[in-house]
Every structure is written in C-alpha cells, then in structure tokens.
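Engineer: Quick check, what structure comes out for this input:
(chains A and B)
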Protein chains: 2
Amino acid sequence: MSSVFPDDSVGLVSPQVMTFSEPLALACGRDLNGYQLVYETYGELNAARSNAVLICHALSGHHHAAGYHSDSERKPGWWDSCIGPGKAIDTRKFFVVSLNNLGGCNGSTGPGSINPASGRPYGADFPVVTVEDWVNSQARLADALGIAQWAAVVGGSLGGMQAMQWAISYPQRIRHCLAIASAPKLSAQNIAFNEVSRQAILSDPQFHGGHFQEQGVIPKRGLMLARMVGHITYLSDDAMGEKFGRELKTDKLNYDFHSVEFQVESYLRYQGEEFSGRFDANTYLLMTKALDYFDPAAAHGGDLARTLAKVEADFCVMSFTTDWRFSPARSREIVEALIAAKKNVSYLEIDAPQGHDAFLMPIPRYLQAFDGYMNRILV
Amino acid sequence: MSSVFPDDSVGLVSPQVMTFSEPLALACGRDLNGYQLVYETYGELNAARSNAVLICHALSGHHHAAGYHSDSERKPGWWDSCIGPGKAIDTRKFFVVSLNNLGGCNGSTGPGSINPASGRPYGADFPVVTVEDWVNSQARLADALGIAQWAAVVGGSLGGMQAMQWAISYPQRIRHCLAIASAPKLSAQNIAFNEVSRQAILSDPQFHGGHFQEQGVIPKRGLMLARMVGHITYLSDDAMGEKFGRELKTDKLNYDFHSVEFQVESYLRYQGEEFSGRFDANTYLLMTKALDYFDPAAAHGGDLARTLAKVEADFCVMSFTTDWRFSPARSREIVEALIAAKKNVSYLEIDAPQGHDAFLMPIPRYLQAFDGYMNRILV
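Structural biologist: Prediction:
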C-alpha cells in the first residue's frame, strides 16, 4: 500500500502525553504541583540513546513539528521542511522529540488547564514561566524518556533561547546547540512590541482579568491585535512590499475605515482572525513575558561570555539578513560571546528576503547549511 | 519690561479662526458645507506678500507650531526649534502660517464639530479627507490671507506629503517645497502599522461606531494602543535601546502582566495615556487614511517623475539615517523622480540616532542645513 504522505515525511504521527507528579519549582518562586507535557517523537532512539534531538518551539508553536496527525490533515507540522527522512534533522539518524511548552495551549498544562487547587481553569492564576523553567521541565521529560544527553537541542527565535538555556543550565546534557534567528535577550524595541500586544489583550473587555474561560468568552479582539502587531515584525518591510505592495482589493478607494482596501490589510485581518480562534490569550501573555525576561547574561553582570563559560556544547548560530525582529547583529552578539568564552561556534548569516519568518521556510541555502551541521553530529 | 520668553522665541501667540462658507468638494465625492480652520501666524507679511511660509503638520500635530499661548505655558509649539527670530524659519524674514488640518481635533472643523445637517457631532460621519483635500483647504486659507504664492511650504512626515502635494496641485503658488522625513507613498509595512492602529480604535467598545462623543465616552484603550504602536515606529531601535535599554523600574521581576517592569513599558504606557486624553479617535482614523491614500504617482501609472513634470518649485528633501518609518531610501525616491523630471532639488541625509522623530529635534547638522536652505530663499 502506497503512503498518502510524501516520501520525505515522517508520515502519520500521534501526540503522546507525559505526566509529572513531582512539583516543579519555578523562577517566580511558586511551585507547579503536577503537570503534563504533550509531545511527539519522530525516528527511533538508538541503543546508545545518543541520537536524541530536542526541538524547542517559538511563541505560537507547539509539539506538532513534523508529519501529519491524519490522512486528511492538510498541512504537516510547523517545521516539516527541516524534520524528516533525508531532511536537515534526518529522522533516519536522529530520534526527534518535540513538545508543547508548559503554559501552552496545545495540550501541555497551561492557563486553560484545571487548577487542582481550585477545580477551575487556571486562567490568570497560571504562574509566569521563564525560559529556564521550560528547560527544567524539558529536562524532566528527557529523564522520563531515558535521554541523559541530547545530541542537539534546536530552536528558532524563542526556541533558540531555550536551546541556549539548555547549554547554560545543563552543560553536560547537550552536545550541540542550534540557535536560529534568535537573540541573547530582547531589545527595548522588542519589549515594546510585546508590551503593545499584552496591553491589547489585557484591555479587551472579554479578557475578564484572565478568567475569560469561566465566562465562556475569549478576548478575540485583543488576541487579533496582538497577532497583527506580531506579524508585522515577522516579515521584512521588503517581503511585505513584495507580497502585497500597495495593491488594492477593489478598483477604487472606499473612503471609510471598515472596508478592507489594501491587500496587506486583508492579510493581517485574516491572520489575526485565524489566530484568535486557536490560541489562548493567557498563553500569549506568558510567552511574551518569557521573551522579555530572557537575559542569561544578567546573572554575570551582563557579561554573556562569562555566562557561557561553563557551556560544553558546540554551537551553530544562524541568522537571516532581513530579520529585523532578531537581526543578524543579535546573533553576532551570541557568536562573539562564545568566541570570547573560547567555545566552538559555527555562524552563518543567510541572505533571505523573508524577515524573521525565514527560519520556518524551505530556503535552499539555509536547509543546506542546517543539513551540513546536523550531518557532522556524531551519534 | 523683559519678556518671560527666550530671545529667539516668537513669544506670545494667539490662534485665529478663518471661516469658509463655500462648500469644499472632497476627493471622496462629498462636499463639506462650511468649515473653519484654526491657525497661527508668526512674523509679518511683507508689502510684496512674497515672504509667506506654510507649515503643514504631521499625524498628531496642530496649528501651534511655535511660541507660547500664555506666560505659564510650559512647552512652546511643536516646531519651536525651527521657527523663530534667527531660527531656520526666521520670523524676521518670513511670515509663517501654521494651521490645524481639516478633520483635526484642535479647533479646525473635524469629527468633534457639530454637523449642521444633523445638529449633532459629526463623529464617524465626518468625510474621509485626503492630502489633496487638505491642500485645497489650505489654498483657500492662503486666498483669505491674501497670499497668492508661498515662498515655501514646509512639512515633516505627513506634513512633507502636503508640501509635495502643494507643488503638484498648485505649481504656480509655491516657490520652494521642503519635504522632511517623508515618502512619496506608504509601504505595505507602513499601511500595516496604520491598520493595526485603526483596528485598535475600531474594536474598542467605547468607540460606538465613531459616535462615542454622543455617548459621553472616549475609546481610550484603542487610542492608547494606537499611540503605543505609533511611538515604536517613531523611534529607532537604537534610540529606544539608548533611552531605555532593558532597564527595570524595580529591583526585581514581578512575574505578572500588569506591573510596569521595564522603563520602555513605562514610557509607552505614559505616552499612550497622555495621548488618549487629548486626541480624537476619529481624527486619528482620518489621519492614518490620508497617509495610506497618499500616492500622487498613481495618477500617472506609478511614474512619480511624470507626476512631478509640471512642478515649478525648487525642492529641499531631508532624511535621517535611523528613520525606519520613512527611511532615507524613501526620500531618495522623491529626489530621483525630481531629477528625472529635471527639477531643482537639494538632498541631505542627516546622520541622527533619533529615528523618525529626528525631524522634530534640534539636531545641529539638521538645523544648520534647514537654515542654509531657507536663507537662500529670495523674498
């Protein structure tokens, strides 16, 4: 029987759930009592348990990184271009683990889950989690899966921050760290965009102080605005220009505010609408705070090289020329700190017009370099 | 008696009002029946009536460009650094006119004015006005003031677009056009930011379809969000970094979403709050639409040089290196079209860290160049 999926796809995959009963101490000072993580795996763990790769997701990502949940699923996982047999993260060689982060809204314990203390959804009572907390929760998942050391931890954007934090928090448990389109910390402008998104959600009357779920509503407009702002920063000015220009949806101007006139307005409204129907507002707030708070160098007076002193992993850092959310200059900060700390680092700045979103795209030069790096990893 | 104002200030100024009873035909196809424009003047009109300079304001600007409305006014007009005795726009030489645009919220007829047809505030019924409409209304103001020809029309950002439109619409009535930190049309990204701002306002439950005034409320949160988004685009990433960095307001992180933690959040919330208390939401919508619609080249199939063919004014175009809202590349588009159309144009790209806001700042190199250009204008 011939498969309905492409030959280089991991094919049909099923999410799994791991339950943890031990409380997890969080950076905020609170403990999370019992939680579950939803995850997927692709490929086979080898006998030496030396071929495991962890995928860390970005702001709106989740565990479904590759393959299909059903024959009828229209689109594969979000990083399917990079994960599969013969792809950069080759599932014939690697055992790939991809999870939904704590605080997420795709199956792992998060604001939409029932708070055992109250019997009601956590909502705004879900603790603010940090990149460090995520990495700690991922380490427990590794323990449960019998993975003492990752061959590589890989992530783009906020996912790249988790990969870096792995190298810092668990130097012995990660051999290679791939941080793509990432940054060692947010800039004031990055924080500013996050703050606008948060205010859009917080000020939505349907937000109900984060307990909208109990009211049977969602802060749709706030989430929509947050996503619209986000989307502008994911694309380069040029990419937007190329994609939409000033093209009008209709023959003439409408001279009102409600009509969708320019293609770019149509795109943004669609993206916002679609997102607001599938993402949790509290999770969005948590993700932006985790971004804002990430600053591993702060522990050493802002000296990133000192923070990286005990790192044992080799690094692969990649950036994209037109990414203005996390520009190549931000990746170079990581590279320079690694060099100052005398660590092994490969760096590639990829000429790509797509802006920050490039890390999700099948750009030949990018896939080739990604593949090249993963190929040299011994398992 | 010594003045309480600096020597290079135009001193105490009083807004004046001009009423027009003749209907104004607008680009949208509607007529505006009777309207008033509030304006200020600085300096004296000479006998030949050849020394008049028109100041056109940007998105949130108004007629009060220079001097003080009272002895106790804390801050002078918004472009006081450039207008006054001995300043770039020297009021010992020029007669300066500065108005609040039609649709504004600072005294000129706009959405907050009473609609004579209904006896109630226009609100959302105020027609969508364009840069061309503004220039036409400004031409009437010039007529009323006995100014057949401007020595110069000057503006930054959206104000620069009006200056350009003057040169196109009334080639005989303008000798010099100064377009600073401006663009020949918005990019898709520019429109996208405007669309987010509009959606923030339109989706505010207090907006009431634009008739909030009659409900005795204002869409404060929407306006606040719009202003926050705007402010991010007015500053360069570096300027924000320089100004705020990742500096915390408190010693430690709060692990919540409501606290103002980073300085940049504090700045944005303050700017948003302050703005939402003084600006009209319908005016904000109108201003962003005027920006989106501005595209003088469209009349000639996108060929700006052809649009500029009949222009008689000399041009001075200035841009700022870190301005990413209207980058130097956008100013160069204007310059190249003027050169292709065989017009006189001076162009200066000023190295300044302040981003788009630079055009409002007393940057020595900028003031010097501005002054140099204005100096050579014969009156």
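
Engineer: and the helix or strand of chain A with the lowest mean pLDDT, does that touch chain B?
Structural biologist: Counting by mean pLDDT, DSSP states H and E, chain A has its least confident helix or strand at helix A:237-243, which shows a mean of 90. Yes - under the criterion of Cβ under 8 Å from any Cβ of the partner chain, helix A:237-243 makes contact with chain B via A:237, A:240-241, A:243. C-beta coordinates here come from the backbone N, C-alpha and C atoms, glycine included.

Engineer: Mind exporting the C-alpha coordinates of stretch A:325-337 to PDB?
Structural biologist: What follows is stretch A:325-337, C-alpha atoms only, in PDB (Å, rounded to 0.1, in the frame of the first residue of the first chain):
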ATOM      1  CA  ARG A 325      12.900  41.300  14.900                       C
ATOM      2  CA  PHE A 326      16.100  39.400  15.800                       C
ATOM      3  CA  SER A 327      18.600  40.800  13.400                       C
ATOM      4  CA  PRO A 328      21.900  39.200  12.400                       C
ATOM      5  CA  ALA A 329      23.600  41.700  14.800                       C
ATOM      6  CA  ARG A 330      21.800  39.900  17.700                       C
ATOM      7  CA  SER A 331      23.100  36.600  16.600                       C
ATOM      8  CA  ARG A 332      26.600  38.000  16.300                       C
ATOM      9  CA  GLU A 333      26.400  39.000  19.900                       C
ATOM     10  CA  ILE A 334      25.900  35.300  20.800                       C
ATOM     11  CA  VAL A 335      28.800  34.300  18.500                       C
ATOM     12  CA  GLU A 336      31.100  36.900  19.800                       C
ATOM     13  CA  ALA A 337      30.400  35.900  23.400                       C
END
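
Engineer: Which positions in that stretch come out as buried?
Structural biologist: Neighbour counts using 16 or more other Cβ atoms under 10 Å in any protein chain shown place A:325-328, A:330-331, A:333-335, A:337 of stretch A:325-337 among the buried residues.

Engineer: Just give me the closest of the residues you listed to chain B.
Structural biologist: Using Cβ to the nearest Cβ, residue A:327 is the member of the buried residues of stretch A:325-337 that sits closest to chain B, with 8.3 Å.

Engineer: Now for that closest one: which residues touch it?
Structural biologist: With contact set as Cβ atoms under 8 Å, 6 or more residues apart in numbering or on different chains, residue A:327 has these partners: residue A:319.

Engineer: residue ranges for the helices of the stretch 151-300 of chain A, please.
Structural biologist: Ranges of helices in the stretch 151-300 of chain A, per DSSP state H, counting those that start in this stretch, are A:158-169, A:188-202, A:212-215, A:220-234, A:237-243, A:263-276, A:281-293.

Engineer: tilt between the first one and helix A:281-293?
Structural biologist: In terms of direction (axes from the mean of the first three to the mean of the last three Cα atoms, to 10 degrees), helix A:158-169 departs from helix A:281-293 by 50 degrees.

Engineer: packing partners for helix A:158-169?
Structural biologist: Using 3 or more Cβ pairs under 8 Å, 6 or more residues apart in numbering or on different chains; DSSP states H and E, the elements in contact with helix A:158-169 are strand A:52-56, helix A:131-145, strand A:152-156, strand A:176-180, helix A:281-293.

Engineer: residue nearest the centroid of chain A?
Structural biologist: Nearest to the geometric centre of chain A sits residue A:58, at 1.2 Å (Cα atoms, centre = their mean).

Engineer: My guess is residue A:129 contacts residue A:26. True?
Structural biologist: Yes - here residue A:129 reaches residue A:26: they are 6.2 Å apart, a contact under Cβ atoms under 8 Å.

Engineer: between these two, who's got more neighbours?
Structural biologist: residue A:129 (27 against 19; other Cβ atoms under 10 Å in any protein chain shown).

Engineer: Tell me the spacing between the residue of chain A most remote from its centre and chain B.
Structural biologist: The C-alpha centroid of chain A is most remote from residue A:252, which lies 40.4 Å away (Cα atoms, centre = their mean). Going from residue A:252 to chain B by Cβ to the nearest Cβ, to the nearest Å gives 10 Å.

Engineer: distance of that residue from residue B:298?
Structural biologist: 11 Å (Cβ to Cβ, to the nearest Å).

Engineer: is residue A:150 in a bridge, and if so with what?
Structural biologist: When assigned by DSSP bridges, residue A:150 has beta-bridge partners residue A:174.

Engineer: For it, which residues are in contact?
Structural biologist: A:52-54, A:142, A:166, A:173-176 are the contacts of residue A:150 under Cβ under 8 Å, 6+ apart.

Engineer: one more time with 6 Å
Structural biologist: Neighbour list for residue A:150: A:52, A:54, A:174 [criterion: Cβ atoms under 6 Å, 6 or more residues apart in numbering or on different chains].

Engineer: Verify the stated contact: the first one with residue A:95.
Structural biologist: Yes - counting by Cβ atoms under 6 Å, a contact exists between residue A:52 and residue A:95, whose distance comes to 4.8 Å.

Engineer: quick one, which of those two is more surrounded?
Structural biologist: Applying other Cβ under 10 Å to residue A:52 and residue A:95 shows that residue A:52 carries more neighbours, namely 24 against 21.

Engineer: So residue A:41: helix, strand or coil?
Structural biologist: Put simply, residue A:41 is strand when judged by DSSP: H, G, I helix; E, B strand; the rest coil.

Engineer: And the closest residue to it other than its chain neighbours, its phi and psi?
Structural biologist: Nearest-residue entry for residue A:41: residue A:97, 5.4 Å, with adjacent residues in sequence omitted and distances by Cβ to Cβ, 6 or more residues apart in numbering or on different chains. Dihedral angles of residue A:97 (phi, psi; degrees, to the nearest 10) stand at phi -120, psi 130.

Engineer: Look up which residues are beta-bridged to residue A:97.
Structural biologist: Listed by DSSP bridges, the beta-bridge partners for residue A:97 are residue A:41, residue A:54.

Engineer: Which residues are in contact with it?
Structural biologist: A:39, A:41, A:54.

Engineer: Please report how far it lies from chain B.
Structural biologist: Where chain B is concerned, residue A:97 sits at a distance of 28 Å (Cβ to the nearest Cβ).

Engineer: per-residue confidence for that residue?
Structural biologist: In this model, residue A:97 is scored at 98, pLDDT.

Engineer: wait, what's in contact with residue A:257?
Structural biologist: Here residue A:257 is in contact with B:198, B:285 (criterion: Cβ under 6 Å, 6+ apart).

Engineer: oh, I was asking about residue A:105
Structural biologist: Going by Cβ under 6 Å, 6+ apart, the list of residues near residue A:105 reads A:112, A:280, A:283.

Engineer: possible to save the helices of the stretch 151-300 of chain A as TSV with distance to residue B:225 and mean neighbour count?
Structural biologist: Below are those laid out as TSV (distance: least, Cβ to Cβ, whole Å; neighbours: other Cβ atoms under 10 Å in any protein chain shown):
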stretch	distance to residue B:225	mean neighbour count
helix A:158-169	23	27
helix A:188-202	6	24
helix A:212-215	19	16
helix A:220-234	7	25
helix A:237-243	21	18
helix A:263-276	13	19
helix A:281-293	15	25
